[in-house]
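A.B. asks: Using only what follows, build the 3D model:
(chains A and B)
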Amino acid sequence: MGKTTSSAAIGTGLALRGHKTVIVDFDVGLRNLDLIMGCERRVVYDFVNVIHNEATLSQALIKDKRLDNLYVLAASQTRDKDALTKEGVERVMEELKKDFEYILCDSPAGIETGAHLAMYFADIAIVVTNPEVSSVRDSDRILGLLASKSQRAEKGEEPIKEHLLLTRYNPERVARGEMLSVDDVEEILSIGLIGVIPESQAVLKASNQGVPVILDEQSDAGQAYGDAVDRLLGKDVPHRFLEVQKKGILQRLFGGRE
Amino acid sequence: MSLFDFLLSRKKTSSASIAKERLQIIVAHERGSRGQPDYLPALQEELIAVIRKYVHIDQDQVQVALENQGTCSILELNITLPER
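C.D. replies: Predicted structure coming up:
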């Protein structure tokens, strides 16, 4: 669905705008945030090592090469998903809170331990959805869990703030009636829209290179993530890339690419 | 079927609108059963078995719902008996 791509892009976007940010990979056993961020060869200690007191947090945090105020905490690739404990995650989160303005938890797919713990201590949730039936249904299920199985819900505090991020959006297919529209998805899930990321060749290009797509400022996807980050920070930015882009005559002739 | 009908019907049943309709139904259904205790489906099965001893009814003629109102919960049973 693009959770890791979005985590990398939004985390990088927050850091670009001057906020000290850490992105934490919760996908134990299937870590990929390090690859998307381009720091896979610098992982020595991971999140699970910190939880089990085998390394300190400062040993495990990987500083981004491009931005001074951006860090990555990788997931363990060798342990299984039960290596995460609620107490351990809480301790690491408390420690991170002292140092960082934003802690971005990249949730694994599914509703098991990793996903549960990624959302449990959250204040804000960004639900990443594709305009596809299975993805929208899963998102509704996740919204139900956010409302009932989080720390805020259990303590009876103010609920987690929920945002919808729609990725892999293809306005041409929407216009042809082949794809659910933004309005459809918003109506079904009834939560506020924080961004629509168009289906873009830039996303694959960025992940190939280990560069978060938001740093590709020329690309539509990069700009759309930038808008989403601005909205997350409270700015009122109009949505772009929702309509079919009219191709110029040269683009038509030469099969233009972004 | 005339050409006009053909064009009209094609427009009506775009796959996106089918997707939307299916999603609205399933999501509403799943929201309804969210937070209910696990024993409700089993309870429904057994109730149907008991009622079937006396009258013949189908699965969908019995509806079991649990509603929470403040401190008390109301178990609502809705059985549609067939016409005689």
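
A.B. asks: Give me the three-state assignment for the closest residue in space to B:Ile26 that isn't next to it in sequence.
C.D. replies: Using Cβ to Cβ, 6 or more residues apart in numbering or on different chains and skipping residues adjacent in sequence, the residue nearest B:Ile26 is A:Arg137, 6.2 Å away. Yep, even glycine has a C-beta here, placed from its N, CA and C like the rest. What DSSP: H, G, I helix; E, B strand; the rest coil gives for A:Arg137 is helix.

A.B. asks: Next up, the contacts around A:Arg137.
C.D. replies: B:23, B:26-27, B:30 (Cβ atoms under 8 Å, 6 or more residues apart in numbering or on different chains).

A.B. asks: ok, these vs A:Gly222, which is closest?
C.D. replies: Taking Cβ to Cβ as the measure, A:Gly222 sits nearest to B:Leu23 out of those, at 29.7 Å.

A.B. asks: residue ranges of the strands in chain B, please?
C.D. replies: For chain B, strands defined by DSSP state E occupy the ranges B:62-69, B:72-79.

A.B. asks: winner for burial among those strands?
C.D. replies: strand B:62-69 (a mean of 13; mean count of other Cβ atoms under 10 Å in any protein chain shown).

A.B. asks: Give the burial count for the one residue in the stretch 101-250 of chain A that gets nearest to chain B, as a bare number.
C.D. replies: Closest to chain B within the stretch 101-250 of chain A is A:Gly177: 2.8 Å, counting by Cβ to the nearest Cβ. Counted by other Cβ atoms under 10 Å in any protein chain shown, the residues lying close to A:Gly177 total 18.

A.B. asks: Where does pLDDT dip in the chain?
C.D. replies: Chain wasn't specified; assuming chain A. Applying pLDDT under 70 to chain A flags the ranges A:247-258.

A.B. asks: Can you look at chain B instead?
C.D. replies: Counting by pLDDT under 70, chain B shows low-confidence ranges at B:1-12, B:35, B:70, B:84.

A.B. asks: Would you mind listing what in chain A touches chain B?
C.D. replies: Counting by Cβ under 8 Å from any Cβ of the partner chain, the residues of chain A close to chain B are A:132-133, A:136-137, A:140-141, A:144, A:148, A:174, A:176-181, A:184, A:188-189.

A.B. asks: So which of those are in helices?
C.D. replies: Assigned to helices by DSSP state H, the following of those qualify: A:133, A:136-137, A:140-141, A:144, A:148, A:174, A:184, A:188-189.

A.B. asks: biggest separation within these, which pair?
C.D. replies: A:Ser148 and A:Val174 (32.4 Å).

A.B. asks: Please say which of these two ends up with more neighbours.
C.D. replies: A:Val174 (21 against 12).

A.B. asks: ok, now which ones touch the closest residue to the more buried one other than its chain neighbours?
C.D. replies: Closest residue to A:Val174 apart from its sequence neighbours, by Cβ to Cβ, 6+ apart: A:Ser181 at 4.8 Å. By Cβ under 8 Å, 6+ apart, A:Ser181 lies in contact with A:131, A:174, B:16.

A.B. asks: Quick check, the last one in contact with A:Asp183.
C.D. replies: Okay, so that is B:Ala16. No: B:Ala16 lies out of contact with A:Asp183 (Cβ atoms under 8 Å); the separation is 11.0 Å.

A.B. asks: re earlier: distance of the residue nearest to A:Val174 relative to A:Gln77?
C.D. replies: 39 Å (Cβ to Cβ, to the nearest Å).

A.B. asks: Ok, B:Asn78 next?
C.D. replies: From B:Asn78 to A:Gln77 the distance is 52 Å (Cβ to Cβ).

A.B. asks: For the single nearest residue of chain B relative to chain A, give me its contacts.
C.D. replies: Proximity of chain B to chain A (Cβ to the nearest Cβ) peaks at B:Ser14, 2.8 Å away. Counting by Cβ under 8 Å, 6+ apart, B:Ser14 touches A:176-178.

A.B. asks: That concludes my questions; thank you for your assistance.
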